[in-house]
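Student: build me a structure from this.
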Amino acid sequence: MKRKKMLWVLSLLLVLVLSASCAATPATSAATTAATSVPATEATTTAAVETTTVAEPDVKEIILATTTSTQDSGLLDYLIPMFEQQTGYVIKTIAVGTGQALELGAKGEADVLLTHAPSSEKPLVDAGQVVNYQLVMHNDFIVVGPSADPAKIKDLTAVTDAFKAIAAQKATFISRGDKSGTHTKELSIWKAAGIEAPSGTWYQESGQGMGSTLTIANEKEAYTLSDRATYLAQKANLDLDILNQGSKELLNIYHVMQVNPETFPMVNAAGAEAFVAFMTDPSTQALISEFGVEKFGEPLFFPDALK
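Tutor: Below you'll find the model as predicted:
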């Protein structure tokens, strides 16, 4: 009897031990699952961060030689930070007249060019000094001057007639005089008006960029030829009115191009190619079409790369 009672007690103890062991097993499994799930989450997070990190370019700096109008209008201040953030490159901008910008390209002293004088750009393209030559955008030139309009050009339709009237009146005209795209356009209009080389005290050269030339014309109550973007960007500080616009001769076309790395091996070819791709990308073209609308009620440039 005692033996049976002892066996019964031992059996009961065995059951209790087995029950306690089974109850502990799920807790251990849960702890194991939790421990293994944390590293998996961390790995996923790390991978996500790594995919959004911009790869560091081998050569970060890109030298951009461009016309003063893209700088003075504020367009570059609008676009370049986006390009730098997207690519990891850093742009060093040299804003000069288009003639000087093209000279820098012809000497291999810039990586990429953004200019607005197709007739001056073509020789570099033909000579193979630049490659990846792409249409970017356009706006137009305008003739601005004092509201008094001493040469009475406001009611004239053709810009050539306006230039003839200014010369006949010997009204003060401020020329860029710097071989820029604007200066090149101005000289072509004088020529079309039958005036090969304007001269006299009424015809003065600033030798400076568009913004400075507008300021000088304002101070002297003079006429000048300006791109519309720079004029609108500085209009609040000027007492100059738009007095002639709309002639086909006043179209202002911008191209972007790489300096040829085969001719100049030291240029940042990868960076230049990236900048050309950025300027002609549909998203950038959309940004160009919107630039200036909020502030001036009209865009300062019209995108052309997608046409």
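Student: may I have the helix or strand hosting Asp241 exported as CSV, CA atoms only?
Tutor: Assigned by DSSP states H and E, Asp241 belongs to strand 240-244. The C-alpha trace of strand 240-244 is given here as CSV (Å, rounded to 0.1, in the frame of the first residue of the first chain):
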residue,chain,number,x,y,z
LEU,A,240,13.1,102.4,-67.7
ASP,A,241,10.1,101.3,-69.7
ILE,A,242,9.8,98.6,-72.4
LEU,A,243,9.6,100.7,-75.6
ASN,A,244,10.0,98.2,-78.3
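Student: ok, Leu102 touching Thr115?
Tutor: Yes - counting by Cβ atoms under 8 Å, Leu102 touches Thr115, with 6.2 Å between them. All C-beta atoms are positioned from the backbone trio N, CA, C, and that covers glycine.
Student: tell me, what's touching these two both at once?
Tutor: Shared contacts of Leu102 and Thr115 (Cβ atoms under 8 Å, 6 or more residues apart in numbering): Ala65, Glu121.
Student: who has more neighbours out of the two?
Tutor: Using other Cβ atoms under 10 Å, the more surrounded residue of Leu102 and Thr115 is Thr115, with 30 against 26.
Student: roughly how far apart are the more buried one and Glu298?
Tutor: Distance from Thr115 to Glu298, counting by Cβ to Cβ, to the nearest Å: 23 Å.
Student: which intervals of the chain have sub-threshold pLDDT?
Tutor: Along the chain, the model assigns pLDDT under 70 to residues 1-54.
Student: centre-most residue in it?
Tutor: Leu79 (4.0 Å; Cα atoms, centre = their mean).
Student: helix or strand right after the lengthiest strand in the chain?
Tutor: Identified as the longest strand of the chain according to DSSP state E is strand 130-146. Where DSSP H and E defines the elements, the next helix or strand beyond strand 130-146 is helix 159-169.
Student: which neighbouring elements make contact with that next one?
Tutor: Counting contacts by 3 or more Cβ pairs under 8 Å, 6 or more residues apart in numbering; DSSP states H and E, helix 159-169 packs against strand 130-146, helix 181-192, strand 240-244.
Student: as a check, name the ranges of all strands in the stretch 1-150 of the chain.
Tutor: 61-67, 90-96, 112-115, 130-146 (DSSP state E, counting those that start in this stretch).
Student: packing partners of the third one?
Tutor: Helices and strands touching strand 112-115, as assessed by 3+ Cβ pairs under 8 Å, 6+ apart, comprise strand 61-67, helix 98-106, strand 251-259, helix 269-280.
Student: for Lys92, find the nearest of those.
Tutor: strand 61-67 (5.1 Å; Cβ to Cβ).
Student: buried ones in the closest one?
Tutor: Ile62, Ile63, Leu64, Ala65, Thr66, Thr67 (16 or more other Cβ atoms under 10 Å).
Student: and stretch 114-123, by the same measure?
Tutor: Within stretch 114-123, judged by 16+ other Cβ under 10 Å, the buried ones are Leu114, Thr115, His116, Ala117, Pro118, Ser120, Glu121.
Student: any idea how far Lys152 is from the last one?
Tutor: Relative to Lys152, Glu121 is positioned 36 Å away (Cβ to Cβ).
Student: then the second one?
Tutor: Distance check for Thr115 against Lys152: by Cβ to Cβ, it reads 34 Å.
Student: run through the bridge partners of Ala65.
Tutor: Ile94, Leu113 (DSSP bridges).
Student: residues contacting it?
Tutor: With Cβ under 8 Å, 6+ apart, Ala65 has these contacts: 94, 96, 100-102, 104-105, 109-110, 112-115.
Student: hang on, the earlier thing: most tightly packed of the strands of the stretch 1-150 of the chain?
Tutor: Highest mean neighbour count among these (mean count of other Cβ atoms under 10 Å): strand 112-115, with a mean of 28.
Student: contacts for that one, please.
Tutor: If you take Cβ under 8 Å, 6+ apart as the criterion, strand 112-115 is touched by 62-67, 70, 98, 101-102, 104-105, 121, 130, 136, 181, 254-259, 271-272, 275-276, 279.
Student: and that strand, how far out from the chain middle?
Tutor: 10 Å (Cα atoms, centre = their mean, to the nearest Å).
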